[in-house]
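Peer 1: Predicted model, plus sequence, below.
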Amino acid sequence: KTRIAHSYIILFLAAVVSAWAAQRLSGADIFYVAHDGSHTVPFDTWEKAATNIHSATAIAVDNDEIIVTNGVYTITRQISLTSGIKLKSVNGAAVTFIQANRQSRCVFMNASNALVQGFTLTGGNAGSANYDEYPNYGGGAYIYRYGEVANCIITNNTAGAGQASMGGGVYLYLGGTVTNCLIATNHAAYCGGGAAVFGGGALRTCVISNNVVSGSISPSSAGVHMQSFGGVGGSVETSVIANNLATGTGDAGGVYLDAGNTLDRCSVTGNRAYRNGGGVMFVFGGTARSCLIADNTAGSWGGGVFVSGNGSIQSCTVSGNRAAWGGGMYLISNGTMQNSIFYGNTASVASGGDNYYLDSGSGQATYNCASPAFAGIGNISGDPLFTDSAAGNYRLLSASPCIDTGVNQAWMQTSKDLDAKTRIIN
């Protein structure tokens with residue numbers, strides 16, 4: 001009888017485990033993480049909560065949620081979300097930290113629906129000896145094709161000291177999204193001190209500030225580096241890129257982009273490049289649309305904008321920038337400027353062109369306001385009458401000669417301006 005009873009117990013336990021395993025395959029469970037939990041599997045209440053994030057991710061599957069309460073969660077290897085797990089904090093990034101102490105990258109993601117929400121990602125080092133995948137890319141977070149980082153503070157991370165290091169704060173490869181995040185005081189040796197977007201992906205409604213790139217290989221880019229792959233690019237949308245620094249022989253203090261990449265409704269201000277492209281650097285393509293590019297500095301060419309090979313500047317304001325040559329814009333070969341303002345910029349070289357300098361080729365300029373006026377259809381010169389440029393207010397006064405002197409384009413039908421107002425109003 002004893003043996004029969006034991007057999008029933010074993011069968012019962014096996015049935016329970018099998019039922020739980022079947023449920024696990026379907027996902028949609030919630031696991032808890034807290035420093036004062038009892039660390040009792042399956043971590044399904046606050047009392048049984050795991051005391052570290054890795055233990056919870058080890059048993060979670062697609063569509064599960066891991067809820068983390070306040071605290072500093074120190075790691076020595078990256079947190080990997082390779083299935084559609086949602087990792088969320090209870091009370092937000094200000095009180096919930098993933099701290100890597102330079103021992104590893106903070107987070108790696110490569111799954112549809114994977115989410116990291118409401119954390120401070122800090123102390124990450126993608127060049128450390130403890131990396132799990134892809135060294136020197138994304139010190140704070142690496143998103144491979146799929147996944148989203150949202151409502152996070154990504155700060156004080158590094159992609160490493162190697163010449164290949166990219167994306168000190170975050171690296172997006174072939175996809176992924178970063179939404180409503182502060183990406184600040186991160187570092188990369190090669191490019192993308194704040195963020196690097198390679199072959200697709202998007203940064204939306206982010207602040208990318210006070211990041212540094214320190215390498216000696218050009219192009220570098222301190223704020224954001226966007227590079228296409230296989231003809232596919234990415235985007236930075238409705239974001240602020242400010243006060244980033246490209247040291248050494250660095251270019252692109254604010255943003256670097258090439259063909260297929262888009263900078264849309266962004267403010268690019270106060271960035272500095274040791275060499276060229278204080279604000280935005282275009283190389284063989286890329287589009288900036290409805291952007292403010294102001295108060296940036298380059299040591300050599302293009303305080304606001306540097307265009308090499310191609311690039312499109314549409315409905316942008318480029319003002320208050322400084323460089324030796326081309327205070328507002330320095331253009332080599334082709335480029336397209338339309339419905340934009342180039343005014344109030346400064347070149348330190350007497351013949352360097354305060355608002356723009358055309359090195360070779362004139363580009364294609366239509367319906368712009370610049371002093372002197374560009375050659376081409378619809379271009380004008382003169383004071384655009386900003387509301388208060390000294391205070392950073394570049395909105396146009398009602399008497400501005402730039403109002404109703406542009407040309408409508410198809411993309412404007414559904415687009416907003418930098419103030420989120422309808423682009424075409426009459």
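Peer 2: Here it is on my side, so go on. Numbers count the residues shown, from 1 in each chain.

Peer 1: from what I can see Val170 touches Ala195, true?
Peer 2: Yes. Counting by CB atoms under 8 Å, Val170 does reach Ala195; the two are 4.8 Å apart. (Each C-beta comes from the backbone N, C-alpha and C, glycine too.)

Peer 1: buried set for stretch 182-190?
Peer 2: Neighbour-count burial for stretch 182-190 flags 182-190 (criterion: 16 or more other CB atoms under 10 Å).

Peer 1: Give the intersection of the neighbour lists for Val170 and Ala195.
Peer 2: Residues touching both Val170 and Ala195 comprise 178, 183, with contact defined as CB atoms under 8 Å, 6 or more residues apart in numbering.

Peer 1: gap between stretch 115-131 and the chain center?
Peer 2: Distance, stretch centre to chain centre, for stretch 115-131: 15 Å (CA atoms, centre = their mean, to the nearest Å).

Peer 1: Just the C-alphas of it, formatted as PDB.
Peer 2: The C-alpha coordinates for stretch 115-131 follow below in PDB (Å, rounded to 0.1, in the frame of the first residue of the first chain):
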ATOM      1  CA  LEU A 115      10.400  45.100 -23.700                       C
ATOM      2  CA  VAL A 116      12.600  46.800 -21.100                       C
ATOM      3  CA  GLN A 117      10.600  49.600 -19.500                       C
ATOM      4  CA  GLY A 118      11.300  52.000 -16.700                       C
ATOM      5  CA  PHE A 119      14.900  51.300 -15.600                       C
ATOM      6  CA  THR A 120      18.100  53.200 -15.300                       C
ATOM      7  CA  LEU A 121      20.700  51.200 -17.300                       C
ATOM      8  CA  THR A 122      24.100  52.200 -16.100                       C
ATOM      9  CA  GLY A 123      27.700  51.100 -15.700                       C
ATOM     10  CA  GLY A 124      27.500  49.000 -18.900                       C
ATOM     11  CA  ASN A 125      30.700  48.100 -20.800                       C
ATOM     12  CA  ALA A 126      30.400  46.200 -24.100                       C
ATOM     13  CA  GLY A 127      34.200  46.000 -24.200                       C
ATOM     14  CA  SER A 128      34.500  44.100 -21.000                       C
ATOM     15  CA  ALA A 129      35.800  40.600 -20.600                       C
ATOM     16  CA  ASN A 130      32.400  39.400 -19.600                       C
ATOM     17  CA  TYR A 131      30.500  40.200 -22.800                       C
END
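
Peer 1: need the helices for the stretch 151-300 of the chain, in chain order.
Peer 2: Assigned by DSSP state H, counting those that start in this stretch, the helices in the stretch 151-300 of the chain number zero.

Peer 1: Counting neighbours, what do you get for the closest residue to Tyr137 other than its chain neighbours?
Peer 2: Closest residue in space to Tyr137, ignoring its immediate chain neighbours: Tyr171 at 4.4 Å, by CB to CB, 6 or more residues apart in numbering. The number of residues packed around Tyr171, counting by other CB atoms under 10 Å, is 31.
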